[in-house]
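1. Need coordinates for the following:
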Amino acid sequence: MPPQRSARVVAAERLRAAATTEPGRLQIIGAVLALLVVAFGAVTAFEVSDRAASADDVVRRSQPLSADAANIYRSLADADAAAASGFLAGPQEPPGVHEQYVKDIDEASQLLVKAAANTDSSTKSGHEITTLNKELPRYTGLIERARANNRQGLPLGGAYLRYANQKMAGELLPAAERLYAAETGRLGKDYDSARTWPFFSLGLGVIALGVLFWAQRRNFHRTNRVLNHGLLAATAASLVVLLWLAVGHSVARSDLSDANTRGQQSLDVLNRARIDSLKARANENLTVVARGAVLTADGKSDKYETDYGTGMKALGAELAKAAKLADDTHDTAGSEPVAKAVESVSEWQSRHRTARKTDDSGDYDTALKQIIGSDGSTKGSTGESFNQVDKALRQALAHEQEEFSRAAEDGRGALGGLPIGAAALAVLGAVAAIVGVNRRLSEFR
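-> Below is the predicted model:
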């Protein structure tokens, strides 16, 4: 009894036998063409769906979370500056200043709740959110103690304010900055994923078209017929998918690059500039509150005045970057508020130097007015200059957010419909290829 052969061996023998006849070869060619076209459509649909999901994450998840992290950072820095300004105003804190402090704390708290709901607690971002949620109530408790002592005219209030600032500068703001860095890093990964070329799909498309052209050329040489309508339709469908893929992804990539260069990069620089200005304002106020009681590590300089100078240098550097980005992209609407901020920073520094000279000469009351203003008005004070800087930066941030949203939405839209369209055209192309080959097979019957 002869040994039984496996199904695979039998199938291989049948395939070899079929390949010795023209009808058999045509059947094999038809199957290969159909498989290639379907594979091209399926891989295209898969890869483009992945890119589209990443582009959607940029618009709906990672950029909003990055923006929220920046707003948490900004709200905390603004609250610290407002608390110091209110303390300087005396026992009767101006209602507007107190309202701004409460608004900042509420905003930071709400954004932390939102961030916690959208972040895995085991991640780096989750750890920073936990730290912020734990330390923020301790900070606000110190501020309330400082405020209560200040209302009673007790010097202990200044100490509580400095402790609160130390907690803000040493724990809260660093945690907020790490959170912002983590979320911005995740945004960068989503950008890279959305912009990566679908090389596998493009390569498979070129192979499918090459085999289709070869099949039509073979058909022409054996029959002298220029056209096979089925194969021609399969070629047209595959060519449409390939062109749609190349053009659609190129447009999406370009728009997402614009969203990054014209929007996100500027947003990152402007957010850092605004935070630097808020920290500098808080340190400027604390310089007057502490009155030289807190020195640098070497014991030679006033710590808060030194930190103010460092913050203003950082602010100037960030504004220079923002101005360059606006110039590089020929964004007049973005450069105007940045130029206004630069002008106001120069005025702020000039007024600050005047206030420091006044304070160093022993005229504390006049120096205080030069810092926070008088009679409920900030006119002529460093506070007025700071407010102008903050207003200009808010305008610039709003503009860049619009630029980002527009470009990112366009990038996401450029990929819309491509996965479904590629799959549908691939099926039609495969059917057309089979019909074209069967038409040739019918001539042998």
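2. From now on I want contacts and neighbour counts done on CA atoms only, so please keep to that.
-> Fine.
3. longest helix in this protein, by residue count?
-> For the chain, the longest helix by residue count, based on DSSP state H, is helix 22-57.
4. buried sites along that helix?
-> Buried positions in helix 22-57, judged by neighbour count with 16 or more other C-alpha atoms under 10 Å: 23-30, 32-57.
5. for the stretch 151-300 of the chain, which spans come out with low pLDDT?
-> 223-226 (pLDDT under 70).
6. That one: helices as residue ranges?
-> Assignment of helices within the stretch 151-300 of the chain using DSSP state H, counting those that start in this stretch yields the ranges 156-167, 173-195, 199-223, 229-258, 265-290.
7. Show me how far the last one is from its chain's centre.
-> Spelled out, it's helix 265-290. 22 Å (C-alpha atoms, centre = their mean, to the nearest Å).
8. Check which element follows it along the chain.
-> The C-terminal neighbour of helix 265-290 among helices and strands, as given by DSSP states H and E, is helix 303-328.
9. and that next one, average pLDDT?
-> Helix 303-328 shows a mean pLDDT of 90 in the predicted model.
10. could you say what helices and strands it packs with?
-> Where contact means 3 or more C-alpha pairs under 8 Å, 6 or more residues apart in numbering; DSSP states H and E, helix 303-328 is packed against helix 265-290, helix 332-360.
11. Quick check: pLDDT value at Leu88.
-> 84.
12. And for the closest residue to it other than its chain neighbours, the neighbour number?
-> Nearest non-adjacent residue to Leu88, counting by C-alpha to C-alpha, 6 or more residues apart in numbering: Val289, 6.7 Å away. Residues near Val289, counting by other C-alpha atoms under 10 Å, number 21.
13. Please report how far the closest residue to Gly383 other than its chain neighbours lies from Thr261.
-> Leaving aside its chain neighbours, Gly383 sits nearest to Ile372 (5.3 Å; criterion: C-alpha to C-alpha, 6+ apart). Distance of Ile372 to Thr261, computed by C-alpha to C-alpha, to the nearest Å: 38 Å.
14. Could I get the helices and strands packed on helix 303-328 in CSV, plus columns for distance to Glu402?
-> Listed next are the helices and strands packed on helix 303-328 as CSV, based on distance: least, C-alpha to C-alpha, whole Å:
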stretch, distance to Glu402
helix 265-290, 10
helix 332-360, 11
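15. Of all the ones you listed, which one is nearest Leu202?
-> Checking these against Leu202 by C-alpha to C-alpha gives helix 265-290 as the closest, at 30.4 Å.
16. My guess is Ile105 contacts Ala81. True?
-> No - between Ile105 and Ala81 there is no contact under C-alpha atoms under 8 Å: 11.9 Å.
17. Give me the nearest residue to the spatially most central residue of the chain, chain neighbours excluded.
-> The centroid of the chain falls nearest to Gln63 when counting by C-alpha atoms, centre = their mean (3.7 Å). Distances taken as C-alpha to C-alpha, 6+ apart put Leu187 closest to Gln63, at 5.9 Å, once the chain neighbours are dropped.
18. now Lys279
-> Ala77 (6.0 Å).
19. pretty sure that neighbour contacts Leu172?
-> No - counting by C-alpha under 8 Å, Ala77 sits too far from Leu172 to count as a contact (9.2 Å).
20. what about these two, which has more around it?
-> Ala77 (29 against 24).
21. tell me which element the more buried one is part of?
-> helix 63-88.
22. helices or strands next to that helix in the packing?
-> For helix 63-88, the helices and strands in contact under the criterion 3+ C-alpha pairs under 8 Å, 6+ apart are helix 95-117, helix 124-151, helix 173-195, helix 265-290, helix 364-372.
23. out of those, nearest to Leu256?
-> helix 173-195 (7.3 Å).
24. Can you show me the CA trace of that closest one as CSV?
-> Listed next in CSV are the C-alpha coordinates belonging to helix 173-195 (Å, rounded to 0.1, in the frame of the first residue of the first chain):
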residue,chain,number,x,y,z
LEU,A,173,5.5,74.6,40.6
PRO,A,174,8.2,72.0,40.0
ALA,A,175,5.5,69.2,40.0
ALA,A,176,3.3,71.3,37.7
GLU,A,177,6.3,71.8,35.3
ARG,A,178,7.0,68.1,35.3
LEU,A,179,3.3,67.4,34.5
TYR,A,180,3.4,69.9,31.7
ALA,A,181,6.7,68.3,30.3
ALA,A,182,5.1,64.8,30.5
GLU,A,183,2.0,65.9,28.7
THR,A,184,3.9,67.9,26.1
GLY,A,185,6.1,64.8,25.6
ARG,A,186,3.0,62.7,25.0
LEU,A,187,1.8,65.3,22.5
GLY,A,188,5.1,65.0,20.6
LYS,A,189,4.8,61.2,20.4
ASP,A,190,1.3,61.6,18.9
TYR,A,191,2.6,64.1,16.4
ASP,A,192,5.4,61.7,15.3
SER,A,193,2.9,58.8,15.0
ALA,A,194,0.5,60.8,12.9
ARG,A,195,3.2,62.2,10.6
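25. buried ones in that helix?
-> Buried residues in helix 173-195 (16+ other C-alpha under 10 Å): 173-184, 186-188, 190-195.
26. circling back to that earlier point, surely the residue nearest to Gln63 is in contact with Val59?
-> No - using C-alpha under 8 Å, Leu187 is not in contact with Val59, being 9.5 Å away.
27. shared neighbours, these two?
-> When C-alpha atoms under 8 Å, 6 or more residues apart in numbering defines a contact, no residue borders Leu187 and Val59 alike.
28. So Glu177 sits against Ile72, correct?
-> No - between Glu177 and Ile72 there is no contact under C-alpha under 8 Å: 9.1 Å.
29. what sits up against stretch 302-313?
-> 276-277, 279-281, 283-284, 286-287, 292-296.
30. As JSON lines, those with distance to Leu88 and neighbour count would be great.
-> Putting these into JSON lines (distance: C-alpha to C-alpha, whole Å; neighbours: other C-alpha atoms under 10 Å) gives the following:
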{"residue": "Asp276", "distance to Leu88": "21", "neighbour count": "23"}
{"residue": "Ser277", "distance to Leu88": "18", "neighbour count": "29"}
{"residue": "Lys279", "distance to Leu88": "16", "neighbour count": "26"}
{"residue": "Ala280", "distance to Leu88": "15", "neighbour count": "27"}
{"residue": "Arg281", "distance to Leu88": "12", "neighbour count": "28"}
{"residue": "Asn283", "distance to Leu88": "12", "neighbour count": "24"}
{"residue": "Glu284", "distance to Leu88": "11", "neighbour count": "25"}
{"residue": "Leu286", "distance to Leu88": "9", "neighbour count": "27"}
{"residue": "Thr287", "distance to Leu88": "10", "neighbour count": "22"}
{"residue": "Gly292", "distance to Leu88": "15", "neighbour count": "14"}
{"residue": "Ala293", "distance to Leu88": "16", "neighbour count": "11"}
{"residue": "Val294", "distance to Leu88": "17", "neighbour count": "16"}
{"residue": "Leu295", "distance to Leu88": "20", "neighbour count": "15"}
{"residue": "Thr296", "distance to Leu88": "22", "neighbour count": "13"}
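31. Thanks a lot, see you next time.
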